[in-house]
Structure formats: C-alpha cells, structure tokens
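Colleague: Everything below, folded, please.
(one chain, ligands or ions: 1)
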Amino acid sequence: MKTLRRPDATALARHAGWPLLLLAALAAGQVLDDYAVTVAGTILIYAILGLGINIVVGYAGLLDLGFAAFFAIGAYTSGLLMLKLHWGFWATLPVAVLAAAASGVVIGYPTLRLRSDYLAIVTLGFGEIIRITVVNLDVTGGPNGLTGIPPVTVGGREIVTPPDFFYLALAFFAAVLVLTGLLARTRLAYAWRAVRADDRAAEAVGVPTRRVKLLAYVLGAAVGSVAGPLNAAQLGTVDPSSFTFLTSLMILLVVIIGGMGSRPGVVVGAVVVVALPEALRTVQEYRGLFFALLLVLIVLVRPQGVWPARPRRFARPAAAGPEPAPPAAGGGVLEVEGLTRRFGGVTAVEDLSLRAGAGEVVSVIGPNGAGKTTAFNCVTGMIAPDAGTVRVAGRRVHGLAPHRVAAAGLARTFQNIRLFEELTVAENVLVGRFARDRSLLRPPSRADAAAVRRCLEFTGLAEAADRPAGGLPYGDRRRLEIARALAAEPRALLLDEPAAGANPTEKRALMDLIGRVRARGVAVVLIEHDVALVMSVSTRVVVLDRGRAIAAGPPAEIRADDRVIAAYIGVPDDPDAGLQAEVLR
Ligand SMILES: Nc1ncnc2c1ncn2[C@@H]1O[C@H](COP(=O)(O)OP(=O)(O)OP(=O)(O)O)[C@@H](O)[C@H]1O
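Modeller: Residues are numbered from 1 along each chain as shown. A predicted model of the protein is given here:
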C-alpha cells in the first residue's frame, strides 16, 4: 500500500526554506536598484532586532517595550570605540554585544518577579533612560549623536555601496539566524516556552525560572544588539532619534505581526514593518493612517501572526528505554513535621505532621478551606511555611525554591490543572524532565526522549504526543499533569484533587494509575474530596479540619472515627451529610 509522503515534504520545506530564502536574497542584491537594496538592508536590520526580541517576548513571554535600548547600546558602543579609540569595526562587535548582554542583566534582574503590565512599564522606562542619557551626555555627542563613523572593511575592501552593505547585513542576518536556530533547539527554548505559558507551574516542575528569564533578557539583548553596529556602519552616524519609544514599538510589531516565537514570522514581520511604509510613500499625507489601518487589519485577520510558530513533532526514540530503577529501599519518603502557615488572622495549616513511605498512598482529606492546598504549597516550596520542616528521603527541602524541591524528588499536580497549553503533550512531559536534569544549553537528550515516551505510554497518552495540550479533553489533561510529574522520576508524588470533575470511568482509570505509580515505589500523597476513591486507594488517611490534623490512620479506622464524621460531614441536618456518612461508613 502506498503511504503518504507528506511528513517528508514538510521536513524538506522546513530544511530547505532558509537556504532558499538566503539564495533568493543573494540574487535580489544583484537585480534590485540602490533604493530597493537599501530598504532590503533595513529589513535585515529589523529582522535581526526581531530575532532578538523574539527570544524575550516570543519565547519567554516577557513583554518588552524598550528593546530599542539594546539597539542603541550596540550602536553607541561600536561607534564610540571606532571614533574615540580608533578600533576597527570587527573589534568593536564583541564589545558591543557584551555591553548589551550586561545591560540585559541590569534590566532583567530587577524585573524577574514582575508580571506583564509592570514589566511593560519598567522596560519602557529603561528604553527612555538609555535614550535620555545618550541625548544628554557630551561623550555620546548629545542630541547630534555620533558622526563620521568609518565604513566597515572586509578583506581590505570598504563596504560603502548599498549592495555591498546589503550583503554585509545578509551575512549578519544569516549568522544570527543560525545562532537563534541552535538556541531554538535547546532545552532552554522549551523552558522559555513553559515560562511563557505558566511560570509558576514551570518552576514547580523543576524549571529554574529566574535563571531562564534572565537568560532570555541577556541572549535577546545580545542578539538584537548586533543590529546597532550594523546600522551605524550603514549610515556612518548614530542618531539618538533612531532609538525612541516608536522604534521599540516597531521592533515589537515585528514579532506581533510575524507570530510570537516564529523565526520565519520575524522575517515576514520585518518586511511588513519596513517595506509597507515605503510602499505607501505614494500616498504621503495618509501614510501613517494607511499603515495603522493595515496593521489593525493584519492583527484582526491573523491574531496569531502571519506565520505563527508550528508545533514540532516529538522525535520518537526507537524504544522507551528501561524503567528507571525504583528508589532504594527506605527511600521515597516524605516527612513533614510541625508545618504551620498563617495568612493574617487565619491559620491555614497548624502543626501538621505527615509521613509517606515508598509505595504508600497517603490521602489528606477535609472540608473546603481545611488547609489542604496550603499544606501542599508549603511542602513544595511554593509558599514559605511559618514553621516546620519538610524532608525528602532524609534531605531537608523546606526553604528551597520550588524547582529545587522538585529536583529533590517531590513532584506535584495542581487543583486547577496547570498545563503549558500551547506546548504539545510530549513537550509538556519534556519540561517535567527539568527536575532530573537542569542543563539548559543543549538539545533534549536521548534519555529525555526515552523518558517522555515512557511516561506517555505509562499514562496512555502516547497517541496524543503531538497534540497541543490546550486541545485535550478533561480526563487526558489530568493524566498529562501526572505524566509531566512522573517525568521527574519523583520519590514522592503529590496529587491535588486529581478526580475533581472526572466521570466514573475516568475515576477508575485514575485509581489504576495511582496503583501502578505506587507499585513503582513512589510515595503518593493525595488530596481528594471523593471519599470512596480515597478509602479504596489509600494506605493511610490524614483528616484536616481548620488547619489541624484531627485524625490519621488506615481507612478502616478513619471510617469509624466519630470526630472525623462530625468534622468532615458537618452539621447533621445538612441534606448531603447522610450520603457522605454512608460513603464513610
Ligand atoms: N493566599 C492566601 N491568602 C489568604 N488566605 C488564604 C490564602 N490561601 C489560602 N488561604 C486561606 O487558608 C485556608 C485554607 O485554604 P486552602 O485553600 O489551603 O484549603 P483547602 O483545604 O485546600 O480547600 P479546598 O478543598 O476548597 O481546596 C482558607 O481559609 C483560605 O481562605
């Protein structure tokens, strides 16, 4: 039977697309007139800036309204070194990139804890600070900027004509393209996309989010800054009016129009942002109006961008690889002692102690607001407890950042499912591997791929590997969260209401899954309102009421405990109480 060759055709387009585009650009340099080739050179400069901001905004989702600052830092550093110290262009280049990378740390570090709107204000302010500084310093030429920058020489030849400059810009663009292409394949790029989707969930599954965000600023700034020296070389001047808020906005538009996180989209965006105003020169008076209207139209028709990023297919390893060895005997133990957390006058968790051994299922039950989720959040480092200790396999983990707690062997799921919606199922699980291996600047390893496959097969999601997580049915979303947690090969797995909203078939499947996880020697801690499920899967049950553990023991004991029934079921004339009591009994 004939098989469809479609994937091969797609792969060909994927691999041949860039070389073909570069070849077309090489040919265009020969045939275009000087004006068109100058516009094409400017498109390439914006494409380089776009590839830079694509890292910060497109991959990591950190809104940046001051990206022109890095463009300026690159241009001024290179220009000043050439004019004041008589360095050659090529020698100034690494210094310009380093200066921009260092300012990426300056802007990145204080903004790590900020979310979108505050981040926008801070980055906008940073862009203005840089512009106002260069306008007011004597050394940078004040409002006149720098003039008389010597041309670039390549192999003894001065780059002065528009086609020569276009080819230089094309070489820079190709180099930046290769570099960003390599970056897009690293584990860091997956971490960026996870951070963009849900940074708290990313941190909880082992991604060192602060480092990952800082790297986005640093690498984005370094990549974008390359456009600065190039622009200075093209014009022979550095003019502060080229680095205004409007420039930052145009650079941001490159990725918004093209498609967040899409490198081909960046090229499309740069063409639109640079060439469209040029094409509208014939209607000079209405140019701004037409440009604005066309942009609105593009964004309305293609809200995801003209060329949105496409999900990558998961590279299936030949085999899922051997099961990881179960934790050593006596390992896989979670020990919580005296955990206390207050919120103002409310004591959400008070002096809670809990122990889960390898292969045990310990359930934490209690009425709404009893403090169950707060206890989980304290144990996993997402909120700091006021008192108490948490140990995983004998190692203290309280006070550690959530990604370190995950690395110590504690994986979790969330009450309100927190998946990385735009990532595929396989990519979600891959991000879960960060708890095992935090290396960032290399592509996912064979071990990563084998673990992803193993976890997908274990949870029955292998068929859905390449589907976006956001499109999964409810039951599969719950299972995917568990698969992502298992990718960490945890010693203890904390499940927060995994059966909420599940139908009876899904509940049975969940019970089976919990049984299989437990059989691998993992300690399972379960928060659950479904008492029947709790009683059938648990080895021990801890009952919380108003933050305190009022009973703990095997299910049979808990069923018979009158204090539990009174506290958990509530007032005797509650119409639901009889039913719940039946289940407990
Ligand atoms: N961030 C917070 N700020 C203030 N109070 C909080 C905060 N988080 C939880 N609380 C309070 O702490 C108590 C315990 O809440 P928690 O969500 O841990 O309970 P729960 O047992 O998980 O409830 P549910 O079963 O409804 O999920 C509640 O009184 C809640 O209002």
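
Colleague: Please name the residues that touch the closest residue to the ligand within the stretch 51-200 of the chain.
Modeller: Residue nearest to the ligand within the stretch 51-200 of the chain: Arg200 (12.8 Å; Cβ to the nearest ligand atom). Heads up, the C-betas are built off the backbone N, CA and C, glycines and all. Residues near Arg200 by Cβ atoms under 8 Å, 6 or more residues apart in numbering: 382, 418.

Colleague: The strand or helix carrying it: what's the following helix or strand?
Modeller: Per DSSP states H and E: Arg200 is located in helix 199-204. Downstream of helix 199-204, the first helix or strand assigned by DSSP H and E is helix 209-225.

Colleague: average model confidence for the helix or strand that that following helix is followed by?
Modeller: Using DSSP H and E, the helix or strand that follows helix 209-225 towards the C-terminus is helix 227-235. Computed over helix 227-235, the mean pLDDT rounds to 93.

Colleague: Dump helix 227-235 to PDB, keeping only the CA atoms.
Modeller: Presented in PDB, the C-alpha positions along helix 227-235 are these (Å, rounded to 0.1, in the frame of the first residue of the first chain):
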ATOM      1  CA  ALA A 227      21.800  45.400  14.600                       C
ATOM      2  CA  GLY A 228      23.300  48.500  16.300                       C
ATOM      3  CA  PRO A 229      26.900  48.400  14.900                       C
ATOM      4  CA  LEU A 230      25.500  47.400  11.500                       C
ATOM      5  CA  ASN A 231      23.100  50.400  11.400                       C
ATOM      6  CA  ALA A 232      25.900  52.700  12.500                       C
ATOM      7  CA  ALA A 233      28.100  51.300   9.700                       C
ATOM      8  CA  GLN A 234      25.300  51.700   7.100                       C
ATOM      9  CA  LEU A 235      24.600  55.300   8.000                       C
END
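
Colleague: helix or strand right after it?
Modeller: Next in line after helix 227-235, if elements are assigned by DSSP H and E, sits helix 245-258.

Colleague: Quick check, pLDDT for the residue of the stretch 51-200 of the chain closest to the ligand.
Modeller: You'll see Arg200 listed with a pLDDT of 93.

Colleague: looking at it, Val379 is touching Arg341, isn't it?
Modeller: No: counting by Cβ atoms under 8 Å, Val379 does not reach Arg341; the two are 10.4 Å apart.

Colleague: the more surrounded of these two?
Modeller: Val379 (27 against 22; other Cβ atoms under 10 Å).

Colleague: Could you tell me how far that one is located from Ile550?
Modeller: Applying Cβ to Cβ, to the nearest Å, the value for Val379 to Ile550 is 19 Å.

Colleague: swap in Gly288?
Modeller: The separation that Gly288 has from Ile550, given Cβ to Cβ, amounts to 69 Å.

Colleague: Just want to know which of those two has more residues nearby.
Modeller: Ile550 (17 against 11).

Colleague: which SSE is the more buried one in?
Modeller: Using DSSP H and E, Ile550 falls in strand 548-553.

Colleague: what sits up against the next helix or strand after that strand?
Modeller: Remark: after strand 548-553, the chain's next helix or strand is helix 555-560, criterion DSSP H and E. Helix 555-560 is contacted from outside by 534-536, 538, 540-541, 543, 551, 564, 584-585, using Cβ under 8 Å, 6+ apart.

Colleague: other SSEs contacting the following helix or strand past helix 555-560?
Modeller: For helix 555-560, the following helix or strand on the C-terminal side (DSSP H and E) is helix 562-564. Contact partners of helix 562-564 among helices and strands, from 3 or more Cβ pairs under 8 Å, 6 or more residues apart in numbering; DSSP states H and E: strand 548-553.

Colleague: mind listing the helices for the stretch 351-500 of the chain?
Modeller: 372-379, 402-407, 425-432, 446-459, 474-486 (DSSP state H, counting those that start in this stretch).

Colleague: so which of the ones you listed gets nearest the ligand?
Modeller: helix 372-379 (3.2 Å).

Colleague: now the closest one against strand 548-553, angle please.
Modeller: Orientation of helix 372-379 against strand 548-553 (axes from the mean of the first three to the mean of the last three Cα atoms, to 10 degrees) gives an angle of 90 degrees.

Colleague: Now tell me what touches helix 372-379 from outside.
Modeller: Counting by Cβ under 8 Å, 6+ apart, residues outside helix 372-379 touching it are 334, 336, 339, 341, 348-349, 352, 354, 364-366, 383-385, 388, 390, 398, 405, 410, 412, 415, 494, 496, 525, 527, 544, 547.

Colleague: circling back: may I see the helices of the stretch 351-500 of the chain organised as CSV, with distance to the ligand and mean pLDDT added?
Modeller: Converted to CSV, the helices of the stretch 351-500 of the chain look like this (distance: least, Cβ to the nearest ligand atom, whole Å; pLDDT from 0 to 100):
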stretch, distance to the ligand, mean pLDDT
helix 372-379, 3, 94
helix 402-407, 16, 96
helix 425-432, 23, 96
helix 446-459, 24, 92
helix 474-486, 16, 94
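
Colleague: most packed of the ones you listed?
Modeller: helix 425-432 (a mean of 28; mean count of other Cβ atoms under 10 Å).

Colleague: what's the host helix or strand of Gly515 packed up against?
Modeller: Using DSSP H and E, Gly515 sits in helix 504-519. Contacts defined by 3+ Cβ pairs under 8 Å, 6+ apart place helix 504-519 against helix 474-486, strand 523-527, helix 531-537.

Colleague: Name the residues of that helix that are buried.
Modeller: By 16 or more other Cβ atoms under 10 Å, the buried positions in helix 504-519 come out as 506-507, 509-511, 513-514, 517-518.

Colleague: dump the residue contacts of Ile53.
Modeller: Per Cβ under 8 Å, 6+ apart, neighbours of Ile53: 64, 67, 220, 224, 251-252, 254-255.

Colleague: How much space separates the residue lying closest to it once chain neighbours are set aside from Val176?
Modeller: Setting aside the residues directly before and after it, Ile53 is nearest to Phe67 in space (Cβ to Cβ, 6 or more residues apart in numbering), at 4.8 Å. Relative to Val176, Phe67 is positioned 15 Å away (Cβ to Cβ).

Colleague: higher neighbour count, these two?
Modeller: Phe67 (30 against 23).

Colleague: Phi, psi for that one please.
Modeller: When read as degrees, to the nearest 10, the backbone of Phe67 gives phi -70, psi -20.

Colleague: same check, this time on the one 4 residues further on
Modeller: Summarising the backbone geometry of Phe71 under the convention degrees, to the nearest 10, its torsions are phi -60, psi -50.

Colleague: what about it, how many residues close to it?
Modeller: 31.

Colleague: Go ahead and confirm it touches Val226.
Modeller: No: at 9.5 Å, Phe71 and Val226 do not qualify as touching, with contact defined as Cβ under 8 Å.

Colleague: Please identify the helix or strand for Tyr46.
Modeller: Counting by DSSP H and E, Tyr46 is part of helix 34-53.

Colleague: how much space between Ala221 and Asp448?
Modeller: 29 Å.

Colleague: Could you do Gly206 as well?
Modeller: Using Cβ to Cβ, we find Gly206 at a distance of 12 Å from Asp448.

Colleague: got it, and Ala227?
Modeller: In terms of Cβ to Cβ, Ala227 sits 34 Å off from Asp448.

Colleague: Point out the residues in this protein that sit beside the ligand.
Modeller: Counting by Cβ under 6 Å from any ligand atom, the residues of the chain close to the ligand are 343, 346, 348, 366, 368-374, 415.

Colleague: Which one of the residues you listed sits in the busiest neighbourhood?
Modeller: Lys372 (27 neighbours).

Colleague: Could you count how many residues lie near the closest residue in space to that residue that isn't next to it in sequence?
Modeller: In space, Lys372 comes closest to Ile527 once its chain neighbours are excluded; the distance is 4.5 Å by Cβ to Cβ, 6+ apart. Neighbourhood size, Ile527 [other Cβ under 10 Å]: 23.

Colleague: Pretty sure Ile527 sits against Ser363.
Modeller: Yes: counting by Cβ under 8 Å, Ile527 does reach Ser363; the two are 7.5 Å apart.

Colleague: What sits closest to Val542 if chain neighbours are left out?
Modeller: In space, Val542 is closest to Ala552, 4.5 Å off (Cβ to Cβ, 6+ apart).
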